[in-house]
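**Student:** quick one: sequence plus predicted model below, questions after.
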Amino acid sequence: MTALLLQRVLVASLGTIAIHLPLVPVGQAGEGIANPDLLFCLLAACVLRRPEAVPLSLVLVLGLLADFILGRAPGPGALGLVLATEHLRRRSPGSFLAEWLRAALLFAAILAGIAALLALTLAPLPGSAVLARYWLATALAYPLVAAALRFALDTPRPGVPR
Amino acid sequence: MAERPDPIAELTRDTRRLVVGVIAVLLLGLFFLWRIDNTRVEQLRMDLIDRFVPSFEWTVRPVAAVARMVGEFQSYTQVYQQNEELRRELQAMRGWREAALQLEQKNAQLLALNNVRLNPRLTFVTGEVMADAGGPFRRAALVNIGRADGIRDGAVAMDGLGIVGRIAGTGERASRILFLTDSSSRLPVTVKPSGQRAILAGDNGPLPVLDFLDGTDAVRPGDRVVSSGAGGLFPPDLLVGQVVAAPDGRLRVHPAADFRRLHFVRVIRPGPSETVSGPGDLIGALIPQPDAAAEPGQ
């Protein structure tokens, strides 16, 4: 019980760090490489490894916080995270390659959903090249986050029965 | 052996679906509220940022310092070339400084001769960029000055040289700068020396577009672009950047502000602007009533 609480606190603090890392003013405002969505990587990797450590309420709070603080449209990002984690929660993780592919596809679906919602409500929309770069950066960051999570938390590899 | 459906597990799964559905509806509601009543939700956003971001500054600052050190270490490798370049530039600048001094003296003499009354000096507050709130959907930054420092929505933010953007959202101790390059940024500008008016429209790329420019013939790449002051939101004649011809055939502006090394930002505090009220007295006093005018004749 205490271990579970500890894991949740750990996920929550890692999530807060993931929200605040893109805020670091190293000044690459728009040009060059895009910042990956670390929060998505973190929550997706965690929910596949320790679903009980990532409760729905935590996903909701972190998603809303990210939407508000990172200056995005409030709502759709959090909704995408909630739906993605609920989808992944019911999956048994296969090989890492399959897991990576699934996470990348899910993130593409989230981006497409947000873009569709913004377009539907006539909100200003980023160009497709920008979104593609964002998606690519996130997809490339996913294995790194998963590896860091494995070394940091000593979580079992996906596929190993818990 | 066939697996019997566990009624309790089924019930919890259904409850979970219901909860997720309710959350989805609420989040969509929040999104539509943001689209409908933008200012109130944005104020909520600024309050949240006001509460959370300054308390995380101590974590953000060391990381930013390390990142800057890495960047500066890379530049050590080119120190020799940079030194040579700086010497050359310094030589050129000495010449310009002399010219500027002479011009300033001449200008002062002419002003004294003409008895010109200039606009009051703009006052400004300088803040430090606290966080880079950009992303694929927004080009913005957070600075550590807010309403407590007299910052208001719409105030213009500059780095040492050119316009960075405008204040969009103020908290008590933090405010958000919407960059020129953001896709919702529109800024009335004048192209010098032809003096043509245009609207500078951001598109989330590094080079914002010159829009609504009538007659592109007089505008050449390399022309200076300054704020025009139309609409009264920005003071006129603040440097924005230089015209460049983009590969897509449109005229764009290369901002003079260095968005990549944005550290300190100067926010111009709009002074109490004098407003002209009333129609003025040029017309003269009211026309006397017809019966009052007719009286002396009787």
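**Tutor:** Great, that's in hand.

**Student:** who touches the most centrally placed residue in chain A in this structure?
**Tutor:** Nearest to the mean C-alpha position of chain A, by Cα atoms, centre = their mean, lies A:F40 at 0.3 Å. Listed by Cβ atoms under 8 Å, 6 or more residues apart in numbering or on different chains, the contact partners of A:F40 are A:L81, A:A84, A:A103, A:F107, A:I110, A:T138. In short, each C-beta sits where N, CA and C put it, glycine included.

**Student:** now, which of those residues lie within helices?
**Tutor:** The helices in this structure, assigned by DSSP state H, contain A:L81, A:A84, A:A103, A:F107, A:I110, A:T138 from the contacts of A:F40.

**Student:** just give the number of residues close to the residue nearest to the fourth one when sequence neighbours are not counted.
**Tutor:** For A:F107, the nearest residue in space outside its immediate sequence neighbours is A:T138; the separation is 5.4 Å by Cβ to Cβ, 6 or more residues apart in numbering or on different chains. Burial of A:T138, expressed as a neighbour count using other Cβ atoms under 10 Å in any protein chain shown, amounts to 25.

**Student:** pretty sure A:T138 contacts A:L39?
**Tutor:** No - between A:T138 and A:L39 there is no contact under Cβ atoms under 8 Å: 9.8 Å.

**Student:** how many neighbours does the nearest residue to A:G127 once chain neighbours are set aside have?
**Tutor:** Nearest residue to A:G127 in three dimensions, chain neighbours excluded: B:N204, at 6.3 Å (Cβ to Cβ, 6+ apart). The local packing of B:N204 (other Cβ under 10 Å) involves 24 other residues.

**Student:** ok, the one 4 residues further on next?
**Tutor:** For B:P208, the number of neighbouring residues by other Cβ under 10 Å comes to 29.

**Student:** what's the answer for the one 3 residues further on, then?
**Tutor:** The burial count assigned to B:D211 is 14, neighbours taken as other Cβ under 10 Å.

**Student:** mind listing what it touches?
**Tutor:** Contacts for B:D211 were tallied using Cβ under 8 Å, 6+ apart; they are B:A198, B:I199, B:L200, B:A201.

**Student:** let's see 7 Å
**Tutor:** Under the criterion of Cβ atoms under 7 Å, 6 or more residues apart in numbering or on different chains, the contact partners of B:D211 comprise B:A198, B:I199, B:A201.

**Student:** neighbouring contacts of the one helix or strand the second one maps to?
**Tutor:** It stands for B:I199. In this structure, B:I199 sits in strand B:196-201 according to DSSP states H and E. Applying Cβ under 7 Å, 6+ apart, the contact partners of strand B:196-201 are B:180, B:186-191, B:208-215, B:218-219, B:228, B:230, B:240, B:253.

**Student:** again, but for stretch A:142-154
**Tutor:** Outside stretch A:142-154, the residues within contact range by Cβ under 7 Å, 6+ apart are A:L10, A:L38, A:C41, A:L42, A:A45, A:C46, A:W100, A:A103, A:A104, A:T155.

**Student:** what residues does chain A put near chain B?
**Tutor:** Counting by Cβ under 7 Å from any Cβ of the partner chain, chain A comes close to chain B at A:20, A:22-31, A:34-35, A:56, A:60, A:68-76, A:78-79, A:82, A:86, A:117, A:121, A:123-124, A:126-127, A:130-131, A:134.

**Student:** from the residues you listed, keep the buried residues only.
**Tutor:** When these are checked for burial by 16 or more other Cβ atoms under 10 Å in any protein chain shown, the buried set is A:20, A:22-27, A:29-30, A:34-35, A:60, A:68-76, A:78-79, A:82, A:86, A:117, A:123-124, A:126, A:130-131, A:134.

**Student:** which of the residues you listed fall within helices?
**Tutor:** When those are checked against helices using DSSP H, the ones located there are A:20, A:60, A:68-69, A:76, A:78-79, A:82, A:86, A:117, A:130-131, A:134.

**Student:** in a markdown table: these, plus pLDDT.
**Tutor:** Putting these into a markdown table (pLDDT from 0 to 100) gives the following:
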| residue | pLDDT |
| --- | --- |
| A:H20 | 82 |
| A:L60 | 95 |
| A:F68 | 90 |
| A:I69 | 87 |
| A:P76 | 93 |
| A:A78 | 95 |
| A:L79 | 95 |
| A:V82 | 94 |
| A:E86 | 92 |
| A:L117 | 92 |
| A:V130 | 81 |
| A:L131 | 87 |
| A:Y134 | 88 |
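
**Student:** which element is the residue nearest to the centre of chain A on?
**Tutor:** helix A:38-49.

**Student:** mind listing what's buried in that helix?
**Tutor:** For helix A:38-49, the neighbour count (16+ other Cβ under 10 Å) marks A:L38, A:L39, A:F40, A:C41, A:L42, A:L43, A:A44, A:A45, A:C46, A:V47, A:L48, A:R49 as buried.

**Student:** again, but for stretch B:43-62
**Tutor:** In terms of neighbour count (16+ other Cβ under 10 Å), stretch B:43-62 has its buried residues at B:R45, B:M46, B:L48, B:I49, B:D50, B:F52, B:V53, B:P54, B:F56, B:E57, B:V60.

**Student:** and chain A, which of those residues reach it?
**Tutor:** Answer for these near chain A (Cβ under 7 Å from any Cβ): B:R45, B:L48, B:I49, B:F52, B:V53, B:F56, B:V60.

**Student:** turn the buried residues of stretch B:43-62 into JSON lines, including pLDDT and distance to B:L33.
**Tutor:** Written out in JSON lines, the entries for those read as follows (pLDDT from 0 to 100; distance: Cβ to Cβ, whole Å):
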{"residue": "B:R45", "pLDDT": "89", "distance to B:L33": "12"}
{"residue": "B:M46", "pLDDT": "89", "distance to B:L33": "16"}
{"residue": "B:L48", "pLDDT": "88", "distance to B:L33": "15"}
{"residue": "B:I49", "pLDDT": "86", "distance to B:L33": "18"}
{"residue": "B:D50", "pLDDT": "86", "distance to B:L33": "20"}
{"residue": "B:F52", "pLDDT": "82", "distance to B:L33": "21"}
{"residue": "B:V53", "pLDDT": "79", "distance to B:L33": "23"}
{"residue": "B:P54", "pLDDT": "75", "distance to B:L33": "26"}
{"residue": "B:F56", "pLDDT": "71", "distance to B:L33": "27"}
{"residue": "B:E57", "pLDDT": "71", "distance to B:L33": "30"}
{"residue": "B:V60", "pLDDT": "70", "distance to B:L33": "30"}
